[in-house]
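Asks: Sequence first, then the predicted structure:
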Amino acid sequence: MQDILKKIFAGMASWVCALSMLTGNVSADEAYDVYNYDRWGEAIPSQAGYLADRSVSGLELGIGDFSSPSDIFRADDGMFYIADTGNNRIVVVNSEFDEVVDIIDSFEYNGDKLTLKNPGSIFITDNTLYVADTDNSRVLRCDKDGKVDLIIEKPISELYPSELTFLPRKIVVDKAGYVYVVVNNITSGSVMYNNKGEFVGFYGANRVEETSKVVWNYFWKLIANENMRKYMTDAVPAPITSFDIDDEGFIYTCSDSLTQDLDAIKKVNAAGYNLFADIETFFGDASTPDYSNNPNNSYVDIDVNEDGIINCLDYTTGRIFQYDEDCNLLFIVGSSGNQLGTFRQVSAVESTSENLYVVDSQKNTVTIFEQTVFGSIVHEATRLYNAGYYDEALEPWFEVLKRDGNYRRAYIGIASAYINQGNYEEAMKYAELADSQWRYDRAFEGWRTEFINENFMAIGVIVLLVIIAIAVVVIRKKRKGGRKS
């Protein structure tokens with residue numbers, strides 16, 4: 001009963017504290033509720049990490065309206081490349097996002113002119129462009145002048161069924177030049193090619209969620225005859241929707257299934273293993289701000305920036321869920337709607353160290369979110385923490401708590417810093433506030449070891465006295481028993 005009352009009063013205090021902080025700016029500036037999650041996994045008002053600055057259309061850039069734009073990519077030189085799908089072109093915008101630098105709408109291959117048909121994605125590495133020319137069923141590799149040196153098409157292989165179409169949707173390329181392509185309706189993972197455009201196989205397939213229906217079907221297939229199996233359906237994993245690659249070569253994938261939560265967000269190593277599989281976390285909404293049930297998130301794009309920050313774009317709610325490299329939730333940005341900062345149909349997300357860029361394929365715009373002061377403090381603390389500078393991260397984490405006393409990630413950072421310092425009592429306190437059992441256990445083990453080392457002689461004396469007392473009691477009992485007999 002006492003724990004329940006504590007939770008109720010803490011929740012009330014959380015709302016009062018958060019609302020008092022939000023009244024001044026966040027609620028007035030944003031067209032959606034800014035929230036995060038407390039230690040109990042409940043949605044509460046929070047400080048904004050980003051504010052919508054402006055929404056940019058093709059008309060405002062002087063090139064006519066975008067038409068169903070589906071992707072955006074920021075190159076190493078700071079330029080942004082937009083897959084303007086309905087207009088069959090790639091639009092290059094400067095780093096300030098206020099001027100068009102180039103429009104790529106024609107290509108040359110062995111003297112022949114090529115044009116795009118509903119391009120779905122673009123990826124750039126070492127000044128080389130990879131374009132998913134979706135409705136032409138190919139991927140083009142070219143320079144920035146549009147000169148193509150490689151065309152990747154549908155694999156001719158027993159591994160790739162001939163009846164399947166080849167509609168490339170997203171592309172990433174690793175440092176060795178291997179090309180990974182997300183193809184519509186393929187559930188075996190991304191299609192993988194070497195740097196010569198030769199089909200290698202499939203990579204990073206999602207697992208099948210072991211629901212009761214799946215287990216039941218598997219059981220019946222073991223005992224069913226061949227005629228019965230004709231009418232039984234196979235359980236298939238959710239297809240990959242999009243992906244990104246970080247500087248270390250790890251590929252991050254997302255899926256848009258509304259029925260499967262398994263492998264919704266993954267970090268995949270070279271062997272195809274999901275490094276997030278063993279992390280106890282959830283992605284997306286645990287509950288909405290009005291405490292209704294989880295609305296089933298459907299991820300249409302994922303972005304990882306140079307600091308390891310992961311941005312997951314949810315098609316269902318129009319929100320960006322941002323996490324650090326350990327999958328701790330940092331911020332929730334955006335929503336569905338018609339105002340600035342809200343969306344009708346999100347299709348892609350890109351980021352810098354300070355801004356978020358979100359493509360809306362129905363509004364035909366790119367919305368730019370700028371990092372707030374609060375967001376910059378959180379990100380600075382996160383950068384220090386991820387680099388192993390726990391002590392240096394303490395000051396910004398405490399500053400975060402001054403501005404938002406319910407910000408769970410700060411409690412985790414502080415607990416880790418105190419563990420690193422050997423201040424185990426304080427570490428246990430903050431780990432408990434963060435509801436981080438793993439950190440609490442580590443702090444308790446450290447405190448216990450320290451206590452035993454400091455009080456070894458006293459503990460030894462107490463143990464000896466207890467042993468003597470027990471021995472005396474046993475001897476007395478034996479003597480009494482002997483007298484009776």
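Replies: Sure, I can see it. Numbers count the residues shown, from 1 in each chain.
Asks: which residues of the stretch 251-400 of the chain fall in helices?
Replies: For the stretch 251-400 of the chain, the helices defined by DSSP state H, counting those that start in this stretch cover 373-386, 390-403.
Asks: Any chance of these in JSON lines with mean neighbour count, mean pLDDT and distance to Leu330 as columns?
Replies: To be clear about C-beta, it is placed using only N, CA and C from the backbone, and glycine gets the same treatment. JSON lines is the format used below for those (neighbours: other C-beta atoms under 10 Å; pLDDT from 0 to 100; distance: least, C-beta to C-beta, whole Å):
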{"stretch": "helix 373-386", "mean neighbour count": "21", "mean pLDDT": "95", "distance to Leu330": "6"}
{"stretch": "helix 390-403", "mean neighbour count": "18", "mean pLDDT": "94", "distance to Leu330": "11"}
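Asks: export those to a markdown table and tack on distance to Tyr252?
Replies: Listed next are the helices of the stretch 251-400 of the chain as a markdown table, based on distance: least, C-beta to C-beta, whole Å:
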| stretch | distance to Tyr252 |
| --- | --- |
| helix 373-386 | 16 |
| helix 390-403 | 24 |
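Asks: can you give me phi and psi for the spatially closest residue to Gly446 that is not a sequence neighbour?
Replies: Leaving aside its chain neighbours, Gly446 sits nearest to Tyr424 (4.3 Å; criterion: C-beta to C-beta, 6 or more residues apart in numbering). Here is the backbone geometry of Tyr424 (degrees, to the nearest 10): phi -70, psi -30.
Asks: And the pLDDT for Tyr424?
Replies: Each residue has a pLDDT score; the one for Tyr424 is 90.
Asks: ok, it touching Trp447?
Replies: Yes: the criterion here is C-beta atoms under 8 Å, and Tyr424 meets it with Trp447 at 3.7 Å.
Asks: more crowded one of the two?
Replies: Using other C-beta atoms under 10 Å, the more surrounded residue of Tyr424 and Trp447 is Tyr424, with 21 against 16.
Asks: Contacts only, for the more buried one.
Replies: Tyr424 makes contact with 418, 443-444, 446-447, 450, according to C-beta atoms under 8 Å, 6 or more residues apart in numbering.
Asks: How about Gly284?
Replies: For Gly284, the contacting residues are 264, 294, 297, 299, 312, 314, 321, by C-beta under 8 Å, 6+ apart.
Asks: Strands of the stretch 51-200 of the chain, residue ranges please.
Replies: Counting by DSSP state E, counting those that start in this stretch, the segments of the stretch 51-200 of the chain that form strands are 71-74, 80-84, 89-93, 100-104, 107-109, 112-114, 121-125, 128-133, 138-142, 148-152, 168-173, 179-183, 190-193, 199-203.
Asks: picking up where we left off before, mind checking the helices of the stretch 251-400 of the chain for the one nearest to Asp126?
Replies: For these, proximity to Asp126 was assessed by C-beta to C-beta; helix 373-386 is nearest, at 26.3 Å.
Asks: That closest one - contacts with which helices or strands?
Replies: strand 329-333, helix 390-403, helix 408-421 (3 or more C-beta pairs under 8 Å, 6 or more residues apart in numbering; DSSP states H and E).
Asks: nearest to Gly413, of the helices of the stretch 251-400 of the chain?
Replies: The nearest among the helices of the stretch 251-400 of the chain, by C-beta to C-beta, is helix 390-403 at 4.3 Å.
Asks: what about that closest one, distance to the chain center?
Replies: When distances are taken as C-alpha atoms, centre = their mean, to the nearest Å, helix 390-403 is centred 23 Å away from the chain's centroid.
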